[in-house]
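*Asks:* Sequence and predicted structure, then a few things I'm wondering about:
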Amino acid sequence: MATKKFMYLNRKASYGTVYAIESLEVVLIAAAFEQDVSLAFIDDGVYQIVEGQNTDGIGMKNFSKTFHALGDYDINKLYVSAESLEERGLTADDLMPLVYEDEDDDWEEKPSVKVVSNAELSKIMSDQDVCLSF
Amino acid sequence: MLHTVNKSSFERNSLQSCLNAIDDTSVILLIEDGVISAANNANSSMLSDLAAQGRVYALQGDVDARGISSKIADNIKLVDYAGFVDLVVEHGTAVSWV
């Protein structure tokens, strides 16, 4: 099967709507089909990968932990909009330290999350075969 | 009256509609994605004025779920579900700005 470049645009926070968890499900499906997957977090989507989420008080599954598994599925291109972070008073330090092991570099652990400007993001987006927005 | 807002002010204008309609004695409770508006930078000056008067609340469980408990603006009071019930009892009619 031909490999295509898939980008998933995540635009909503995690627990108020089902978009975030549905996106993650579809991301894992694409990974199972060994596609070239990248994720973008823009607008309130940046809250999906904020460190320290605790859902005990709302009786919902804390699926933020699943993002740590993405590296094992060769999903290691997570782009975060710098502008969206800044608007919300967040910085890269507020995000989960997501990593992957680089098989071409003696399995060295490397960061998966990259903060990029909206201009850079639009370039990355235009390089994709498919963009799915959640 | 008690006004609940459950949408992020970055996504929808529910909070602004609520602020435009609110009287001098009503209180606002931010729930679900509405708690994003309780974080420092998301805070409008109208909301912080109300918060300074002790009239803005946010639901603790929703704040914790989003990992933003360290970012909550000054004067916004955190309540649990029991506190939510107390607000309903105390303020009578509730409006939900969905």
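*Replies:* Thanks, I have it. Predicted model, so just to flag it, every value in this text is computed and none were measured. Residues are numbered from 1 along each chain as shown, chains lettered A, B, ... in the order given.

*Asks:* closest point of chain B to chain A, which residue?
*Replies:* B:G61 (2.5 Å; CB to the nearest CB). Just so you know, the C-beta spots here come from the backbone N, C-alpha and C atoms, and that holds for glycine as well.

*Asks:* wait, what's in contact with that residue?
*Replies:* A:55-58, B:80-81 (CB atoms under 8 Å, 6 or more residues apart in numbering or on different chains).

*Asks:* Count residues in the vicinity of B:S9, would you?
*Replies:* By other CB atoms under 10 Å in any protein chain shown, the residues close to B:S9 number 23.

*Asks:* Please verify my assumption that it contacts B:L15.
*Replies:* Yes: counting by CB atoms under 8 Å, B:L15 is a contact partner of B:S9 at 4.5 Å.

*Asks:* Overlap in contacts, these two.
*Replies:* Joint contacts of B:S9 and B:L15 (CB under 8 Å, 6+ apart) are B:37, B:44.

*Asks:* for chain B, what spans make up the helices?
*Replies:* Ranges of helices within chain B are B:14-21, B:45-52, B:60-65, B:81-91, based on DSSP state H.

*Asks:* which one of these has the most crowded surroundings?
*Replies:* Scoring the helices of chain B by mean neighbour count under mean count of other CB atoms under 10 Å in any protein chain shown gives helix B:60-65 as the most buried, with a mean of 24.

*Asks:* Kindly list the main-chain dihedrals of A:M7?
*Replies:* Main-chain torsions, A:M7, degrees, to the nearest 10: phi -120, psi 130.

*Asks:* Would you check that A:T55 makes contact with A:N62?
*Replies:* Yes: in this structure A:T55 lies within contact range of A:N62 using CB under 8 Å: 4.2 Å.

*Asks:* Pull out the CA atoms of stretch A:79-97 and give them to me as PDB.
*Replies:* In PDB, the C-alpha atoms belonging to stretch A:79-97 read as follows (Å, rounded to 0.1, in the frame of the first residue of the first chain):
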ATOM      1  CA  TYR A  79       3.700  20.600  15.800                       C
ATOM      2  CA  VAL A  80       2.400  23.200  18.200                       C
ATOM      3  CA  SER A  81       1.400  26.700  17.200                       C
ATOM      4  CA  ALA A  82       3.600  29.200  19.000                       C
ATOM      5  CA  GLU A  83       0.900  31.900  18.500                       C
ATOM      6  CA  SER A  84      -1.800  29.700  20.000                       C
ATOM      7  CA  LEU A  85       0.400  28.900  23.000                       C
ATOM      8  CA  GLU A  86       1.200  32.600  23.600                       C
ATOM      9  CA  GLU A  87      -2.400  33.700  23.300                       C
ATOM     10  CA  ARG A  88      -3.300  31.300  26.100                       C
ATOM     11  CA  GLY A  89      -0.400  32.300  28.400                       C
ATOM     12  CA  LEU A  90       1.300  28.900  27.800                       C
ATOM     13  CA  THR A  91       4.900  28.100  26.900                       C
ATOM     14  CA  ALA A  92       6.600  24.900  25.700                       C
ATOM     15  CA  ASP A  93       7.500  24.200  29.400                       C
ATOM     16  CA  ASP A  94       3.700  23.700  30.100                       C
ATOM     17  CA  LEU A  95       3.600  20.800  27.600                       C
ATOM     18  CA  MET A  96       4.100  17.100  28.200                       C
ATOM     19  CA  PRO A  97       7.700  16.000  27.400                       C
END
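
*Asks:* how distant is it from the center of its chain?
*Replies:* Chain-centre distance of stretch A:79-97: 12 Å, with CA atoms, centre = their mean, to the nearest Å.

*Asks:* Fine by me, thanks again.
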